[in-house]
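Peer 1: Predicted structure and sequence below. I'll ask about it afterward.
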Amino acid sequence: MRSSIRLGRLFGIEIGLHYSWFLIALLIMMSLASQFQRSNPGWGTSVIWALSALTAILFFVTLLAHELSHALVARAHGLATRAITLFALGGMAQIEKEPEDAKTEFLVGIVGPFSSAVMGLASLAIAWGLGWRIGSTPMTPWRAMFVWLGYINLSLAAFNMIPGYPLDGGRILRSILWLSERDQVRATRNAATVGKIIALLFIAVGIFQFFAGAGFGGLWIAFIGWFLLQAATASASMVTLSSGLRGVRVSDVMTSDCQMLNGNMNVEQFVEHYLLRSGRRCFVVEQNGEVAGLVTPHEIKALERQRWPYTTLADIMRPLDQLHTVAPTTPVMEALETMGRDDVNQLPVVTGSHLDGIITRANVLQFLQTRAELGR
Ligand SMILES: [Zn+2]
């Protein structure tokens, strides 16, 4: 979700639009316009397009409200949400941590479909107030808009209740399994398995419909299935990873034999005499007797070869004050999450103001490999 446009903040949560959103917004607008054209051609082109655009925008407002409801319930239980991103398949609230108990998981999960259902019923009630009756074709633009918003939000509530993790229904299923089995890891694995089965069903139905003549609609269902399959697989491997790293601290995997280098050394000297000679991956740059930053092969690669003799390590290092740091006692899983968030491959390990070493993704991988080879 990196390639997204920031829209601003709501309740302190960053709201973003992924580029794929524009495509889907356009498709929704076009399908609304053709639907209104068929049911009420008398409205005229400009009314139909303005109504379609407004309806599509309000639809995304309700999607945003759905995600916000997850975020606000999560916050009420002490879980912060970094950002909400709207993309082609709806919205996603990036809640920073997993809930610590099944009840929180249940509440965070169910509030989404619940709010969609409430918004759906409210829209239908407004349409009713404007004179629309159930089963009839809405004959005014306002009625048509609220009827569409009503049904789409009710379908959204129903779709999200499908018990395939990581859909809301899957989260609810996980919380129920978690509560009955008292094992979060197993509950997640089982919920993810159900998620995969449902995803495969989506793909099968979509492909079948495509060949039965449903065209784009069929492909769309298959695509949603594919997306759900990826998400369920990722959640399953995430839980395997976090159970493999349970109880493991940064100090268990970090590299502590870092070499101190003077910040005035040029890059060519560094590469020839240190980087290629020693096979070490951890180099710390000091300036005026203090640790100032880290240098990794990544920074060297970003620099043109001809400039190596004229560039100092201090010029290319990652300054320590721009990097998040972790403590030796930090759980490794938390360090990995920080790396993911900052899009870096290593983090300095610091106690107070003293640098103890660095932790890299490679450290963690090696640790897991060794464990796997020993069959533990
Ligand atoms: Zn949801």
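Peer 2: Looks like it came in fine.
Peer 1: distance of R280 from the ion?
Peer 2: Separation of R280 from the ion (Cβ to the ion, to the nearest Å): 46 Å. No exception for glycine: its C-beta is placed from N, CA and C like everyone else's.
Peer 1: next one: phi and psi at the closest residue to that residue other than its chain neighbours?
Peer 2: Spatial nearest neighbour of R280, excluding adjacent residues (Cβ to Cβ, 6 or more residues apart in numbering): Q259 at 5.9 Å. Phi and psi for Q259, reported as degrees, to the nearest 10, are phi -100, psi 130.
Peer 1: residues touching the residue in the stretch 151-300 of the chain positioned nearest to the ion, list them.
Peer 2: Here the stretch 151-300 of the chain gets closest to the ion at one residue, D168, 4.1 Å apart by Cβ to the ion. Shown in contact with D168 (Cβ atoms under 8 Å, 6 or more residues apart in numbering): H70, G109, I110, G112, P113, N160, M161.
Peer 1: hang on, the earlier thing: what is the neighbour count of the residue nearest to R280?
Peer 2: Look at Q259: counted by other Cβ atoms under 10 Å, it has 12 neighbours.
Peer 1: Equivalent analysis for K301, please.
Peer 2: A count of nearby residues for K301, using other Cβ under 10 Å, gives 7.
Peer 1: Report the separation between it and M317.
Peer 2: Distance, K301 to M317, using Cβ to Cβ, to the nearest Å: 14 Å.
Peer 1: before we move on, what about N160?
Peer 2: Counting by Cβ to Cβ - N160 and M317 are separated by 47 Å.
Peer 1: ok so, going back, just checking: which of the contacts of D168 also lie near the ion?
Peer 2: Restricting the contacts of D168 to those touching the ion (Cβ under 5 Å from the ion) yields G112.
Peer 1: can you tell me the distance between the two ends of stretch 321-328?
Peer 2: 18 Å (Cα to Cα, to the nearest Å).
Peer 1: need the contact list for the residue in the stretch 101-250 of the chain positioned nearest to the ion.
Peer 2: Residue nearest to the ion within the stretch 101-250 of the chain: G112 (2.9 Å; Cβ to the ion). Counting by Cβ under 8 Å, 6+ apart, G112 makes contact with H66, E67, S69, H70, N160, D168.
Peer 1: Go again with 7 Å.
Peer 2: Neighbouring residues of G112 by Cβ atoms under 7 Å, 6 or more residues apart in numbering: H66, S69, H70, N160, D168.
Peer 1: Now these in a markdown table, please, with extra columns for distance to I95 and secondary structure.
Peer 2: What follows is the contacts of G112, written out as a markdown table (distance: Cβ to Cβ, whole Å; DSSP: H, G, I helix; E, B strand; the rest coil):
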| residue | distance to I95 | secondary structure |
| --- | --- | --- |
| H66 | 14 | helix |
| S69 | 12 | helix |
| H70 | 7 | helix |
| N160 | 16 | helix |
| D168 | 12 | helix |
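Peer 1: Next, V285: phi, psi?
Peer 2: phi -100, psi 130.
Peer 1: Going along the chain, name the strands of the chain.
Peer 2: Taking DSSP state E as the criterion, the chain carries its strands at 4-10, 13-18, 81-87, 90-95, 259-262, 283-287, 290-295, 318-319, 346-351, 354-360.
Peer 1: what residue ranges in the chain score low on pLDDT?
Peer 2: Where the chain drops to pLDDT under 70, the residues are 1-3, 281, 353, 375-376.
Peer 1: interface residues of it facing the ion?
Peer 2: So the chain meets the ion at G112, D168 (Cβ under 5 Å from the ion).
Peer 1: My understanding was that S115 contacts S69; is that so?
Peer 2: Yes. Counting by Cβ atoms under 7 Å, S69 is a contact partner of S115 at 4.1 Å.
Peer 1: Isn't L32 up against S52?
Peer 2: Yes. Counting by Cβ under 7 Å, S52 is a contact partner of L32 at 3.9 Å.
Peer 1: quick revisit: for A127, see how far away the residue of the stretch 151-300 of the chain closest to the ion is.
Peer 2: The value you get for D168 to A127, if Cβ to Cβ is used, is 26 Å.
Peer 1: the helices in the stretch 251-376 of the chain, which residues?
Peer 2: 267-269, 276-278, 297-301, 313-316, 332-342, 361-373 (DSSP state H, counting those that start in this stretch).
Peer 1: who touches the residue most central in space within the chain in this structure?
Peer 2: By Cα atoms, centre = their mean, the mean C-alpha position of the chain lies nearest to Q94, the distance being 5.2 Å. Residues near Q94 by Cβ under 7 Å, 6+ apart: T81, R82, A83.
Peer 1: Could you give the number of residues near L23?
Peer 2: 12.
Peer 1: In contact with it, which residues are there?
Peer 2: By Cβ under 7 Å, 6+ apart, the contact set of L23 is A88.
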